[in-house]
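Chemist: What would the 3D arrangement of this be:
(chains A and B)
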Amino acid sequence: MPTVKGDGMRGLAVFISDIRNCKSKEAEIKRINKELANIRSKFKGDKTLDGYQKKKYVCKLLFIFLLGHDIDFGHMEAVNLLSSNRYTEKQIGYLFISVLIGANNDLMKLVIQAIRNDLAGRNPIHITLALQCVANIGSREMAEGLSVDIPKLLVSGDTIDSVKQSAALTLLRLLRSSPDSIPMGEWMSRIIHLLNDQHMGVVTAAASLIENLVKKNPEEYKGCVSLAVSRLSRIVTSSYTDLQDYTYYFVPAPWLSVKLLRLLQNYPPPEDPAVKTRLSECLETILNKAQEPPKSKKVQHSNAKNAVLFEAINLIIHMDSDPNLLVRACNQLGQFLQHRETNLRYLALESMCLLATSEFSHEAVKKHQETVITALKTERDVSVRQRAVDLLYAMCDRTNAEEIVGEMLEYLESADYSIREEMVLKVAILAEKYAVDYTWYVDVILNLIRIAGDYVSEEVWYRVIQIVINRDDVQGYAAKTVFEALQAPACHENMVKVGGYILGEFGNLIAGDPRSGSAVQFQLLHSKYHLCSPATRGLLLSAYIKFINLFPEIKHIIQDVLRSDNNMRNADVELQQRSIEYLQLSSITTADVLATVLEEMPPFPERESSILAKLKKKKPSSVPEGSEQKETTASKIPAVQMSNNVDIAPPTSINLMSQGESSTDDFVDQGSPQGGSASVDLLGLGSPTQPTAPSVGSGGLLDMFDTLTSHSSAPATNGIDLGGLSGGAEEAFRKFICKNNGVLFENDLLQIGVKSEYREDLGRLWVFYGNKTTFQLNAFLVDVSTPGNLSETGLSIQQKPVGGEVEAGAQVKQQFNMACVQEFAEAPVMTIQFLYSGAQQKISLKLPVVLNKYITPAEMDANTFFTRWKALNSPSQECQQIIKATSPIDHEQVKAKLIGFSVSVLEKVDPNAENFVSAGILYTRNQQVGILLRLEPNKQAQMYRLTVRASRDKVAKILCDLMQTQL
Amino acid sequence: MHFGHDEKQKLIEEVHAVVTVRDAKHTNFVKFRNFKIVYRRYAGLYFCICVDVSDNNLAYLEAIHNSIEVLNDYFHNVCELDLIFNFHKVYSVVDEMFLAGEIRETRQTKVLKQLLMLSSLE
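Modeler: Model (predicted):
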């Protein structure tokens, strides 16, 4: 048994000895139970125990507790010990309470009372014990009960130094646990002057408290900057003999130096030139000392010295203002990268990560690239390798991206499992961000999938598809590369997904080569089919239906596959449904419809890389914000595009049974076996407009264009100069008559998308302004005017404000609320003005708000229809037009148009099945207007006769004019 | 932070699992939950401090050593048994040097003087 210090508690030592001698767990428990019974009987006995005995038993209970056993008595005896005047008894009492009594114990009131008594007493030893107890428990109740006593101790003139130290940290603890319980007072203004205290211990403790206060309210305490600098200066520049015993292995006050350097990191570089100079001198001195030969070979010496050095470097990085210091810091860290101490290599990598984000030292950091790569390959500690990965990521820019990505890919083959996923994300981000040549990007991602397929998260392969779809210069290459990658005998399922998707979209680009002809592509994909999960199979089925459109020559092969029991009767409902629906789609629709439905995916809207978002979420600290910002403009993909649904997440090539709002213009009734009609929502079939190019060979369209413009410009009184509309505006506008979402306008600078919804006489419309440039658009102004007197009567529009700037690559949204007061013929005109590179730009567009949006479809039988039809017989209630068809008359397409026009399509009403009859109710604020419509196609003549009747004058004419543009 | 009894036991086990598997060539720092542990091994004993991720690693590494030197002086060549039989005194040493999770006093002679004065009161 070792000697027990001081008076010792012989009984305690014997008990601990006994426990240690127990040969088994059972014996130990037995011994403990015996002791517990003994202590319980002593505490319950009538004989009053003296302080020593109480202390001894409480101490034994504490020991038993520390061995991991529950203690359910003795608390009261411990509280009793607090009122003892003997140090050792008081100490054991406080210790038991600190370790064992939770903050919510019933005895806490008694404890706080005892603490208050000790604090009020004059014995510094008792005060210290009480403070330590508060600092260890730090409950709210304590903060409330002692909120006056403790600050008072801290600033009182007659408190001795060691009590001040404890008071400072105890107060810190209470400020942390219940900041609102401590009343701010006079003590606060005096607190920073503790940095000047002649006792270094007081300064050490106070520095922590002050940093906490500063974090909450830097302005109030900014006087501490000059005090901290001068204190630091006195430590750093003194010879170590001056500092009492605060020198540790020849390093003057290392811990206090670290605390002061950290405190200064809460402020920008000092404004006062004298203070600033003094601080620079300190930092230079610290850097100089690092170059001096060590005063001792002991690791304690170098650790203490380097603790200060690293903190000084942190401050240099934080201030980020002195290139000389930053470069010196970088050189110093560069030396550490090859140090024999693992700790130093690790810390140097960590600090360099921060340096890489400073523009002053980024280049200096890059000089160490080779060393960092070596570290990645040779370090034994995975956490060091992890830091090397972080640093390579941080130091990467356009000049070294190819090499760094190459090295990371190579390392990935043997990398620790724990860091693979993160590495994959980082490689994917770097490849995207710094790709000059997108074929390189495609290669990198496919390599990622090949090397570490299991770690390639969905975000990564979604992203490569988004990029391939948005960049037509890389599509052929991507198709060729995935085709080759898929030929590997065993390829990762993620490769199959990417391959399926890309070939489904762009397989035609490589089909010219007989080695990758349509049938070869299909066989290749299908050879993987049976090895894949249902989700991947679903994706492949979508690729197959796309193949049917791309390669009609293999339609029958694919239909056979879809028809096979394995698909048509698959246990997986999704696969079954896709097989059936795709088969139907491919069998009953015409080539035109198929081509429309299965059109190439429209480009994705630009937004933050989903991978980057994931990395940030995974490891907030690992994405140096600074370096991100530096390169954001470069990372934008030029082709900013918007698809139908702006929030659309990852691309699912075909969204059958579309969720949410379906864009009705893409409506195709498939007569699917489920009985319901499935709409094929192809993510905005109204795919990106070619803004200005008029459709080829569409004399009819141009005619209509004339008709429409003549209609709209006829009343010169409305004061709108339609000639002022921007190019393509009219044509784009017409596309919105039968649909609610899509791209309204696009040029080199701006893309404008629209999304809208209507209910009865109310509508909401969002306009998305996407800045396609790499510059901010300034003084961005949007003005909407309604022609003539329409604002009072026809349509009321309320416009939400839109910000004055649109950042490079960003998209801003503006909402409009519109109410239909009564019928209106003219759409509002929107004028967008902004400054681009100092030049004023102006775009005028028609806002796609048209009367038919306020129609709600109505169902009725033949009898009702014809009765009402006949009732609306006055000439002003009817409008009839003969229209030449602009494309081959297709029953389903026309039906889809009518539904997009917001009227019903009534079956079995017209005796001629080729004809359409429709009904709807136009909701205006003033009244509801009944609408009936009849459309008679003549396929031989390629003509339509359109008749609209409405229960209110003028309405029929307006609707007829709108509808005729759509046929 | 407050931990219940069970949580404390769990923490001890987790820290043990994280720290004891590390090789001597590894760093003295290891990520733990949202914090990091700075630790130092003396023979069969590990001394660990859990600190914020942004805290200064080397300063805490030496703070451990500084307190070990104090224990060594106080117990005249400290060994594991000293720490067990005098566990209540170890708390006093720790409270002198660290409080509220912060470094309170670093000067060894001052800490030892205070500890000896307290011992004399027994």
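Chemist: drop to CA atoms for contacts and neighbour counts, all remaining ones
Modeler: Fine.
Chemist: As CSV, could you dump the C-alpha coordinates of stretch A:474-491?
Modeler: Presented in CSV, the C-alpha positions along stretch A:474-491 are these (Å, rounded to 0.1, in the frame of the first residue of the first chain):
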residue,chain,number,x,y,z
VAL,A,474,-19.5,17.0,-74.3
GLN,A,475,-22.5,14.8,-75.0
GLY,A,476,-21.0,12.8,-77.8
TYR,A,477,-17.8,12.2,-75.8
ALA,A,478,-19.8,11.2,-72.8
ALA,A,479,-21.9,8.7,-74.8
LYS,A,480,-18.7,7.2,-76.3
THR,A,481,-17.0,7.0,-72.9
VAL,A,482,-19.8,5.4,-71.0
PHE,A,483,-20.3,2.9,-73.8
GLU,A,484,-16.6,1.9,-73.5
ALA,A,485,-16.8,1.8,-69.7
LEU,A,486,-19.9,-0.4,-69.8
GLN,A,487,-17.9,-3.0,-71.7
ALA,A,488,-15.9,-3.9,-68.6
PRO,A,489,-17.1,-7.4,-67.5
ALA,A,490,-17.9,-6.2,-64.1
CYS,A,491,-18.9,-2.6,-63.8
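Chemist: Next, the buried residues of it.
Modeler: Applying a neighbour-count criterion of 16 or more other Cα atoms under 10 Å in any protein chain shown, one finds A:Val474, A:Gln475, A:Gly476, A:Tyr477, A:Ala478, A:Ala479, A:Lys480, A:Thr481, A:Val482, A:Phe483, A:Ala485, A:Leu486 buried in stretch A:474-491.
Chemist: which outside residues touch that stretch?
Modeler: Stretch A:474-491 is contacted from outside by A:438-439, A:442-443, A:446, A:450, A:468-469, A:495-496, A:498-499, A:502-503, A:506-507, A:509-510, A:516, A:521, A:524-525, using Cα atoms under 8 Å, 6 or more residues apart in numbering or on different chains.
Chemist: quick one: pLDDT of the most centrally placed residue in chain A?
Modeler: With distances taken as Cα atoms, centre = their mean, chain A has A:Ala613 as the residue nearest its mean C-alpha position (4.1 Å). If you check A:Ala613, the pLDDT there is 75.
Chemist: Am I right that it sits in a helix?
Modeler: Yes: looking at A:Ala613 with DSSP: H, G, I helix; E, B strand; the rest coil, it is inside a helix.
Chemist: Against chain B, how distant is it?
Modeler: To chain B, A:Ala613 is 20 Å away according to Cα to the nearest Cα, to the nearest Å.
Chemist: where does the chain dip in pLDDT?
Modeler: You didn't say which chain, so I picked chain A. A:1-8, A:102-104, A:239-244, A:607-609, A:618-724, A:787-793 (pLDDT under 70).
Chemist: Switch to chain B, please.
Modeler: Within chain B, the segments meeting pLDDT under 70 span B:1.
Chemist: List, one by one, the residues from it near chain A.
Modeler: Chain B comes close to chain A at residues B:4, B:9, B:25-30, B:56-59, B:61-62, B:81-82, B:85-86, B:88, B:91, B:95, B:99-100, B:102-109, B:118-122, as judged by Cα under 8 Å from any Cα of the partner chain.
Chemist: 6 Å instead?
Modeler: B:His26, B:Thr27, B:Leu58, B:Ala59, B:Ala100, B:Arg104, B:Glu105, B:Arg107, B:Ser119, B:Glu122 (Cα under 6 Å from any Cα of the partner chain).
Chemist: how about those residues in a markdown table, adding neighbour count and secondary structure?
Modeler: As requested, those are exported to a markdown table (neighbours: other Cα atoms under 10 Å in any protein chain shown; DSSP: H, G, I helix; E, B strand; the rest coil):
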| residue | neighbour count | secondary structure |
| --- | --- | --- |
| B:His26 | 18 | coil |
| B:Thr27 | 23 | coil |
| B:Leu58 | 26 | helix |
| B:Ala59 | 26 | helix |
| B:Ala100 | 23 | coil |
| B:Arg104 | 28 | coil |
| B:Glu105 | 27 | coil |
| B:Arg107 | 20 | coil |
| B:Ser119 | 15 | helix |
| B:Glu122 | 13 | coil |
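Chemist: nearest to A:Ile125, of these?
Modeler: Closest approach to A:Ile125 among the residues of chain B next to chain A (Cα to Cα): B:Ser119, at 11.9 Å.
Chemist: how near is that closest one to A:Asp472?
Modeler: Counting by Cα to Cα, to the nearest Å, the gap from B:Ser119 to A:Asp472 is 82 Å.
Chemist: what does A:Ile899 give?
Modeler: For A:Ile899, the distance to A:Asp472 - Cα to Cα - is 34 Å.
Chemist: So for those two, which sits in the more crowded spot?
Modeler: Neighbour tally, A:Ile899 and A:Asp472, criterion other Cα atoms under 10 Å in any protein chain shown: the higher count belongs to A:Ile899, 20 against 13.
Chemist: and the helix or strand where the more buried one lies, C-alpha only, in PDB?
Modeler: Using DSSP states H and E, A:Ile899 falls within helix A:891-900. Presented in PDB, the C-alpha positions along helix A:891-900 are these (Å, rounded to 0.1, in the frame of the first residue of the first chain):
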ATOM      1  CA  HIS A 891     -56.600  14.000 -82.200                       C
ATOM      2  CA  GLU A 892     -54.600  13.600 -79.000                       C
ATOM      3  CA  GLN A 893     -52.500  16.700 -79.500                       C
ATOM      4  CA  VAL A 894     -55.600  18.800 -80.000                       C
ATOM      5  CA  LYS A 895     -57.200  17.300 -76.900                       C
ATOM      6  CA  ALA A 896     -54.200  18.100 -74.900                       C
ATOM      7  CA  LYS A 897     -54.300  21.700 -76.200                       C
ATOM      8  CA  LEU A 898     -57.900  22.100 -75.100                       C
ATOM      9  CA  ILE A 899     -57.200  20.800 -71.700                       C
ATOM     10  CA  GLY A 900     -54.300  23.200 -71.500                       C
END
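Chemist: what's the spacing between that helix and its chain's center?
Modeler: Offset of helix A:891-900 from its chain centre (Cα atoms, centre = their mean, to the nearest Å): 40 Å.
Chemist: go on, stretch A:195-207?
Modeler: Put simply, stretch A:195-207 sits 43 Å off its chain's centre (Cα atoms, centre = their mean).
Chemist: So is that stretch next to chain B?
Modeler: Yes: for stretch A:195-207, a contact with chain B is found by Cα under 6 Å from any Cα, at A:Gly201, A:Ala205.
Chemist: Right, I'll call it a day here.
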